[in-house]
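1. Give me a model of this one.
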Amino acid sequence: MVTPTVALQSGVELGPEMLPLLLVVAGLGLSIAEAMAPGAHFAVLGVALLGAGIVGLLLGPVAGPLVLAALVLVFGVLALVGYRRFDLYGDSGSGQTTDSDSLRGRTGHVTERVTSQQGSVKLDRGGFDPNYAARSMDGEIPVGTEILVVDPGGGNVLTVTSMADIEDDIDAELERGRTTEADDDREDEPEHA
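-> Residues are numbered from 1 along each chain as shown. Predicted coordinates for the structure are as follows:
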């Protein structure tokens with residue numbers, strides 16, 4: 001005879017034979033919570049509980065608390081490995097920002113014309129919502145232009161500049177070399193009187 005472990009006021013008795021059903025219900029609850037608030041907060045645990053509960057229901061009386069605990073561990077490890085292997089939320093977390101300073105240097109493109117007063121951009125790896133309000137350093141940046149975040153501004157409004165306006169050390173050196181060659185060519189030409 002099985003002694004009930006919990007007796008509820010409604011008269012429902014929960015014994016060890018009900019444990020697989022409770023695991024299924026908890027797993028479904030966590031899976032629904034994950035669907036409402038994505039981010040892999042409940043995914044692994046929900047899958048582990050749901051899987052162990054379903055197997056426990058199939059095993060019947062053989063599925064005691066120790067067997068179910070082992071199943072939860074096995075399904076938890078499988079769910080974690082699967083989650084990491086298939087990268088369900090994309091980019092292995094590299095798109096997630098830790099703070100506004102991590103946005104500095106990110107690239108993206110203009111989705112709404114950016115001026116010193118208004119505009120918006122979409123960052124290439126900008127986290128869960130890669131769309132940000134943006135302002136230009138100077139001038140106007142048209143839609144579709146590739147941009148670079150110069151100042152994250154606390155993460156609410158980014159200050160951006162067009163990638164076409166950026167001259168790095170290599171570009172500067174190449175331009176200097178072109179100017180020097182052009183000057184040398186002019187010196188070699190004979191002067192006409």
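
2. Name the helix or strand of this structure that has the lowest mean pLDDT.
-> Taking mean pLDDT, DSSP states H and E as the measure, the chain has strand 6-7 as its least confident helix or strand, at a mean of 52.

3. Helix or strand next in line after that strand, which one?
-> strand 13-14 (DSSP states H and E).

4. Give me the neighbour count for G46.
-> Neighbours of G46 under the rule other Cβ atoms under 10 Å: 21. (Each C-beta comes from the backbone N, C-alpha and C, glycine too.)

5. Could I have the CA atoms of the helix or strand where it lies written out in PDB?
-> Per DSSP H and E: G46 is located in helix 43-59. Output in PDB follows, covering the C-alpha atoms of helix 43-59 (Å, rounded to 0.1, in the frame of the first residue of the first chain):
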ATOM      1  CA  ALA A  43      14.400  26.200 -21.800                       C
ATOM      2  CA  VAL A  44      16.900  23.700 -20.500                       C
ATOM      3  CA  LEU A  45      15.100  23.000 -17.200                       C
ATOM      4  CA  GLY A  46      11.700  22.900 -18.900                       C
ATOM      5  CA  VAL A  47      12.900  20.300 -21.500                       C
ATOM      6  CA  ALA A  48      14.600  18.300 -18.700                       C
ATOM      7  CA  LEU A  49      11.400  18.100 -16.600                       C
ATOM      8  CA  LEU A  50       9.100  17.500 -19.500                       C
ATOM      9  CA  GLY A  51      11.300  14.700 -20.900                       C
ATOM     10  CA  ALA A  52      11.800  13.000 -17.600                       C
ATOM     11  CA  GLY A  53       8.100  13.200 -16.900                       C
ATOM     12  CA  ILE A  54       7.100  11.700 -20.200                       C
ATOM     13  CA  VAL A  55       9.600   8.800 -19.900                       C
ATOM     14  CA  GLY A  56       8.400   8.400 -16.300                       C
ATOM     15  CA  LEU A  57       4.800   8.100 -17.500                       C
ATOM     16  CA  LEU A  58       5.800   5.500 -20.000                       C
ATOM     17  CA  LEU A  59       7.800   3.500 -17.500                       C
END
